[in-house]
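> sequence and predicted structure below; questions after.
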Amino acid sequence: MHMRLLLLGIMALFMTGCSMQNSSDVDQSKFTDMRLNKPGQPQKPRSQTLPSVRIVEKTEDLLGAPFKDLGVVAGESCRQTLQDPPASLPIAKKRMATKAAYKNANAVLLHECQIVTGLGCYQSAICEGTALLITK
């Protein structure tokens, strides 16, 4: 009886633990304007330049530099079929840096990159890091 209650309590905590975290990579200000333009009005060109993002592989490179943690970012390269090119760590790093740029970061502290199988791909290259805004 006590074991069932303990198991039920652990399951309830497990299921609600991650739901309390609000981690959305979506920036609401990036959504396009849904209003229709009148005919004859030219569309305004949208040119958004993303900041360049430096990938930092050693924490020692950040010593003495003031920075702000902007959250965890990840990038992936997927080989979906055998005919596709192999999963690429450089592409995964680039996609991770692009996601960091959307958070207005100028650096990413690389945590880990690895090549795994499964996850809906024959082969996946996944990189994870922390987006940082380094102020000097």
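Arrived safely, thanks for sending.

> which SSE is residue 81 in?
Using DSSP states H and E, residue 81 sits within no helix or strand.

> tell me who's in contact with it.
Applying CB atoms under 8 Å, 6 or more residues apart in numbering, we find residue 81 in contact with residue 122. Every C-beta, even on glycine, is put in place using the N, C-alpha and C of the backbone.

> residue 126 versus that one, what's the distance?
18 Å (CB to CB, to the nearest Å).

> can you check residue 108 too?
14 Å.

> give me the more crowded residue out of these two.
It is residue 108, of residue 108 and residue 126, that has more neighbours when counted by other CB atoms under 10 Å, with 28 against 21.

> that one and residue 53 touch, don't they?
Yes: applying CB atoms under 8 Å as the test, residue 108 and residue 53 come out as touching, 5.9 Å apart.

> what touches both of those two?
97, 100.

> excluding chain neighbours, what is closest to residue 91?
Of all residues not flanking residue 91 in the chain, residue 77 sits nearest, at 4.1 Å (CB to CB, 6 or more residues apart in numbering).

> which helix or which strand is home to the one you found?
With DSSP H and E as criterion, residue 77 is part of strand 67-79.

> quick one: contacts for residue 93?
Counting by CB under 8 Å, 6+ apart, residue 93 has contacts 55, 75, 110, 113, 127.

> now, of the residues you listed, which are buried?
75, 110, 113, 127 (16 or more other CB atoms under 10 Å).

> my read is that the third one contacts residue 90, right?
No: at 9.5 Å, residue 113 does not count as touching residue 90 under the criterion of CB under 8 Å.

> shaky segments in the chain?
For the chain, the stretches with pLDDT under 70 are 1-51, 119.

> helices of that one, start to end?
2-17, 89-102 (DSSP state H).

> in the shortest one, what's buried?
Residues of helix 89-102 classed as buried by neighbour count (16+ other CB under 10 Å): 91, 92, 93, 94, 95, 96, 97, 99, 100, 101, 102.
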